[in-house]
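1. coordinates only, sequence not included:
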Ligand SMILES: Nc1nc2c(ncn2[C@@H]2O[C@H](COP(=O)(O)OP(=O)(O)OP(=O)(O)O)[C@@H](O)[C@H]2O)c(=O)[nH]1
Ligand SMILES: Nc1ncnc2c1ncn2[C@@H]1O[C@H](COP(=O)(O)OP(=O)(O)OP(=O)(O)O)[C@@H](O)[C@H]1O
Ligand SMILES: [Mg+2]
Ligand SMILES: [Mg+2]
Ligand SMILES: [Zn+2]
């Protein structure tokens, strides 16, 4: 990555009905974790697409994106190896029938990743920590399940893209291990923007933007109290994930054991 | 005047891209005309005329390859647009894929769908390699990683400018408009950029002059049906 990314700015535009957005500027610094929340159809995906494509008053919202307080270089769009943003969309399917290894290999070259020998193995290693059934390098991309596709794209963005800014659209819906994904992602110093309906992600973010009618309605900093609630929710989630894994592997849950687990998790 | 040739496989998004481009150029005060060359069915002329009120025509190539048909009629079409004082946009169906309708000294772009499979750029030959710009549509339907690999496959097949767009929402179109605005005016004589691969008529045999007057065999003008000229 040639440009040293310090800051990304979203300059507000207009909502779907043409009125100016309530929030007229959002600034994100390296290491910040932002959530974008709001009801279905409120414009969350449109907002991160604006960011991912460096909107310059040329999208329906008329927003502008600045990188380090300046208009982004044309290179970001013309040369993927210079693009500081990786956007993981809501799509959970691939269209190309290339083999996984082949695809990752080409993408590593496109992104001018300097370590292409181990890069495919590294991506799979990362991705397979998030999936139930491991991804095999010899499978065709089109054979991957929704969760496997999403896990692969996240790993691709972090390891091949090595992108300083990562945008993720509703990763909770992909059937991947979300808690594990968040743990892995937080090891990296990046700007993360999550479009999400999940309170675990929202309440562990630094702040959140609330969308309505295609517009940024409000920007809320997460309070210490909210962060504590977030921790509680994460504990609750561990219980659910444990139960889910048990059922998924064909076991039958036992009430007494479940209650014991609940109490145990609750105490930690 | 400028002549802009737009080619690409069926339903790749040519009309959708052109509508976005035309809307923006009209706002900037340019006068435009539109011609669609298709094999047997097209409704774009009506659509464009109704939406923008600009002069618009279509021709059906029928038995001819659409790229051959466009060579024959473009001479007339350029005169028509000149009379209207307009730049001419030509949308061609480009079914044959091995021919290419691009004219020397005019801007040509090929429209490809991001959803069309990673090997497409390797399959379409002159339609891609003789273009000035490749416009990739439907980027809203694929992941960024796939979009980047698709772009790399295009550049591998032919080192062109690549512009990625979501033509439905008009995203990325401004960059294409800037390139069109920079295109030079046409210079006569109008000549085809490449030679079609199989020689069965004067065009196929490598005669690149634009306009039916320069050719023999089965011909047509902008406004007539096919006729035969020669021995
Ligand atoms: N999602 C999405 N759909 C698109 C995009 N561009 C075009 N489409 C859709 O693709 C379909 C075909 O688009 P057209 O513009 O008619 O394609 P064309 O190349 O002109 O087709 P022919 O002239 O019939 O060969 C339409 O349903 C468009 O709405 C895009 O960027 N994104
Ligand atoms: N500011 C805006 N101006 C015009 N159109 C907009 C704007 N914001 C969003 N839209 C359009 O509204 C539609 C719904 O928006 P979007 O897909 O972003 O919603 P979402 O919040 O991501 O919904 P979901 O939770 O279902 O994924 C899209 O077609 C989008 O292009
Ligand atoms: Mg969405
Ligand atoms: Mg069309
Ligand atoms: Zn042909």
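-> Yep, it's here. These numbers come from a predicted model, not from an experiment. Ligands and ions are numbered 1, 2, ... in the order given.
2. Please make it C-alpha for all contacts and neighbour counts, starting now.
-> Will do.
3. Could I get the contacting residues of whatever residue of chain B ends up closest to ligand 2?
-> At 6.9 Å from ligand 2, residue B:169 is the closest residue in chain B, using CA to the nearest ligand atom. Residue B:169 makes contacts with A:59-60, as judged by CA atoms under 8 Å, 6 or more residues apart in numbering or on different chains.
4. Excluding residues flanking it in the chain, which one is nearest residue B:183?
-> Leaving aside its sequence neighbours, residue B:183 sits nearest to residue B:107 (CA to CA, 6 or more residues apart in numbering or on different chains; 6.1 Å).
5. Could you tell me the phi and psi values at the one you found?
-> phi -80, psi 130 (degrees, to the nearest 10).
6. how long is stretch A:165-182 end to end?
-> 15 Å (CA to CA, to the nearest Å).
7. Can you give me the buried ones in that stretch?
-> Applying a neighbour-count criterion of 16 or more other CA atoms under 10 Å in any protein chain shown, one finds A:165-179, A:181 buried in stretch A:165-182.
8. Please list the members of those residues that lie in helices.
-> A:178-179, A:181 (DSSP state H).
9. What's the per-residue pLDDT of residue B:173 here?
-> Per-residue confidence (pLDDT) for residue B:173: 95.
10. check contacts around it.
-> Neighbours of residue B:173 in contact, by CA under 8 Å, 6+ apart: A:58, B:17, B:20-21, B:165, B:167.
11. same deal with residue B:74?
-> B:210-211, B:222.
12. what does chain A put close to ligand 2?
-> Counting by CA under 6 Å from any ligand atom, chain A comes close to ligand 2 at A:14-16, A:39-46, A:60-61, A:214-215.
13. so what are the domain limits for the chain?
-> Since no chain was named, I'll use chain A. A:7-223, A:224-268 (automatic domain parsing).
14. oops, I was thinking of chain B
-> Chain B breaks down by automatic domain parsing into domains covering B:3-182, B:199-231.
15. Following element in sequence after the regular element (helix or strand) spanning residue A:48, please.
-> Taking DSSP states H and E as the criterion, the element that holds residue A:48 is helix A:44-52. Downstream of helix A:44-52, the next assigned helix or strand under DSSP H and E is strand A:64-67.
16. What is the neighbour count of residue A:70?
-> Neighbourhood size, residue A:70 [other CA atoms under 10 Å in any protein chain shown]: 11.
17. I'd like the domains of chain B as a markdown table, with distance to residue A:4 appended.
-> What follows is the domains of chain B, written out as a markdown table (distance: least, CA to CA, whole Å):
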| stretch | distance to residue A:4 |
| --- | --- |
| domain B:3-182 | 21 |
| domain B:199-231 | 51 |
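18. Mind telling me which of the ones you listed the model trusts least?
-> domain B:199-231 has the lowest average pLDDT among the domains of chain B, namely a mean of 78.
19. buried stuff in that one?
-> Applying 16+ other CA under 10 Å to domain B:199-231 flags B:203, B:207-212, B:215, B:217-222, B:226 as buried.
20. That domain near ligand 5 anywhere?
-> No - in terms of CA under 5 Å from the ion, no part of domain B:199-231 sits within range of ligand 5; the closest distance is 8.1 Å.
21. Report the separation between the residue in chain A that ligand 5 sits nearest to and chain B.
-> Nearest residue of chain A to ligand 5: residue A:96, at 28.2 Å (CA to the ion). Noted for residue A:96: a distance of 6 Å to chain B, by CA to the nearest CA, to the nearest Å.
22. and the one helix or strand residue A:104 maps to, what's its mean pLDDT?
-> Here residue A:104 is covered by helix A:100-110, with elements defined by DSSP H and E. For helix A:100-110, mean pLDDT rounds to 92.
23. Quick check: the gap between the residue most central in space within chain A and residue A:148.
-> Nearest to the geometric centre of chain A sits residue A:168, at 2.4 Å (CA atoms, centre = their mean). Residue A:168 sits 15 Å away from residue A:148, going by CA to CA.
24. tell me the secondary structure for residue B:111?
-> Using DSSP: H, G, I helix; E, B strand; the rest coil, the structure places residue B:111 in strand.
25. Next: residue A:87.
-> strand.
26. from what I can see it touches residue A:167, true?
-> Yes - with contacts counted by CA atoms under 8 Å, residue A:87 reaches residue A:167, the gap being 4.7 Å.
27. Need the residues touching each of these two.
-> In contact with both residue A:87 and residue A:167: A:48, A:52, using CA under 8 Å, 6+ apart.
28. Up against chain B, what does the stretch 51-200 of chain A have?
-> Contact residues, the stretch 51-200 of chain A versus chain B (CA under 8 Å from any CA of the partner chain): A:58-60, A:78, A:80, A:86-89, A:91, A:94-98, A:103, A:106-107, A:110, A:153, A:156.
29. let's see it at 6 Å
-> Where the stretch 51-200 of chain A comes near chain B, counting by CA under 6 Å from any CA of the partner chain, the residues are A:59, A:96, A:107.
30. Understood, closing this out.
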